[in-house]
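Visitor: Sequence plus predicted model, see below.
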Amino acid sequence: MSTHLQSQYEQDVNILDDLQGFSPVSAAYNMNAYRTPYPDSNATSTSSATSPDPQGGILSETIIVEADEDKRKRNQAASARFRQKKKQREQQLLETSRDMQEKTRKLESENESLRKENLFLKKLLVEKVDHMSEDDREMLLKATGEALKKAS
């Protein structure tokens, strides 16, 4: 049984020798060959993962150019989204402003109408009081005096 285990371990040592190029400790390991183009990105670069170029030649330059183009495209898309949101916000503010101006006009109109009505009623009351008999005037003064006392 020990011979069986020993041969199994010998095979594992051979496998480890084959993996020396993939170890970050070995001199031939290329750290950038398996990285994504952007540190914060969740995307993986298939071209660098499938065919690493340890010499840093044309393939890595192509990857850098592709990464720059991808970054530029994502930046353009983000800028377009920002501009669109900004336009929507401006449109909403303009619409709200128009609604508020219309509401203000309506309230000012209603206020003016109520002022006119109040003035008319005051004039009507004064005219009525001028033509009242003395008894009716005294009764009105008592009623309004009591109303004024209650209001204060």
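Guide: Right, received. Where do you want to start?
Visitor: can we go C-alpha only for contacts and neighbour counts from here?
Guide: Noted.
Visitor: can you pull the buried residues of stretch 136-145?
Guide: For stretch 136-145, the buried set under the neighbour-count rule, 16 or more other Cα atoms under 10 Å, is empty.
Visitor: and S133, backbone torsions?
Guide: phi -80, psi 170 (degrees, to the nearest 10).
Visitor: what mean pLDDT does the lengthiest helix in the chain have?
Guide: Using DSSP state H to define each element, the chain has its longest helix at helix 58-130. Helix 58-130 shows an average pLDDT of 92 in the prediction.
Visitor: what's the answer for stretch 134-152, then?
Guide: Per-residue scores along stretch 134-152 average to 76.
Visitor: before we move on, the earlier item: tell me the helix or strand right after the longest helix of the chain.
Guide: Sequence order places helix 134-151 as the next helix or strand after helix 58-130, per DSSP states H and E.
Visitor: could you give the angle of that next one to helix 58-130?
Guide: Orientation note: helix 134-151 sits at an angle of 150 degrees relative to helix 58-130 (axes from the mean of the first three to the mean of the last three Cα atoms, to 10 degrees).
Visitor: who's in contact with helix 134-151?
Guide: Outside of helix 134-151, the residues within contact range by Cα atoms under 8 Å, 6 or more residues apart in numbering are V129.
Visitor: Please write out the alpha-carbon positions of it in CSV.
Guide: Extracted as CSV, the C-alpha positions of helix 134-151 are listed here (Å, rounded to 0.1, in the frame of the first residue of the first chain):
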residue,chain,number,x,y,z
GLU,A,134,-82.1,104.9,14.4
ASP,A,135,-83.4,101.7,16.0
ASP,A,136,-81.9,99.5,13.2
ARG,A,137,-78.5,101.3,13.5
GLU,A,138,-78.4,100.7,17.2
MET,A,139,-79.2,97.0,16.7
LEU,A,140,-76.5,96.7,14.1
LEU,A,141,-73.9,98.4,16.3
LYS,A,142,-74.8,96.1,19.2
ALA,A,143,-74.5,93.0,16.9
THR,A,144,-71.2,94.2,15.4
GLY,A,145,-69.8,95.3,18.7
GLU,A,146,-70.5,91.8,20.2
ALA,A,147,-68.9,90.2,17.1
LEU,A,148,-65.9,92.4,17.5
LYS,A,149,-65.5,91.6,21.2
LYS,A,150,-65.8,87.8,20.4
ALA,A,151,-63.1,88.2,17.6
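Visitor: Summarise which helices and strands the longest helix of the chain is packed against.
Guide: Counting contacts by 3 or more Cα pairs under 8 Å, 6 or more residues apart in numbering; DSSP states H and E, helix 58-130 is packed against helix 46-50.
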